[in-house]
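Engineer: Got a predicted structure plus its sequence, pasted below:
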Amino acid sequence: MSVRVLFFASLADITGTHEATADASQHPTVGAIFADFASRFPLLETHRGSLLSACNSQYADPQTPVRDGDEVAFFPPVSGG
């Protein structure tokens, strides 16, 4: 049960990749996926408080469930003028 995981901006710099995969059967929520990657890349944890996430192009919170084939994205907040 594979989930496509995308990292944007500084999060991609921290993980060293823009795209990875996660096993939805072992990490059934957006928050569980983030926690898994934060355990491998501890600097991600410093972004938890301001992190934005999406599941299938819709904003998602940590409790949002994920299923096989979903796409989860993590990105820092952005602003523009």
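Structural biologist: Nice, thanks for sending it over. Numbers count the residues shown, from 1 in each chain.

Engineer: what's the top helix by length along the chain packed up against?
Structural biologist: Longest helix in the chain, counting residues (DSSP state H): helix 30-40. For helix 30-40, the packing partners by 3 or more C-beta pairs under 8 Å, 6 or more residues apart in numbering; DSSP states H and E come out as strand 2-7, strand 19-23, strand 52-55, strand 71-75. Every residue, glycine included, has its C-beta placed from N, CA and C.

Engineer: separation between Asp23 and Glu71?
Structural biologist: 15 Å (C-beta to C-beta, to the nearest Å).

Engineer: now do Val78
Structural biologist: For Val78, the distance to Glu71 - C-beta to C-beta - is 19 Å.

Engineer: now swap in Asp13 and tell me
Structural biologist: Using C-beta to C-beta, Asp13 is found at 20 Å from Glu71.

Engineer: try Ala60
Structural biologist: Using C-beta to C-beta, Ala60 is found at 11 Å from Glu71.

Engineer: Settle it for me: which of the two has more neighbours?
Structural biologist: More crowded of Ala60 and Glu71, by other C-beta atoms under 10 Å: Ala60, with 21 against 14.
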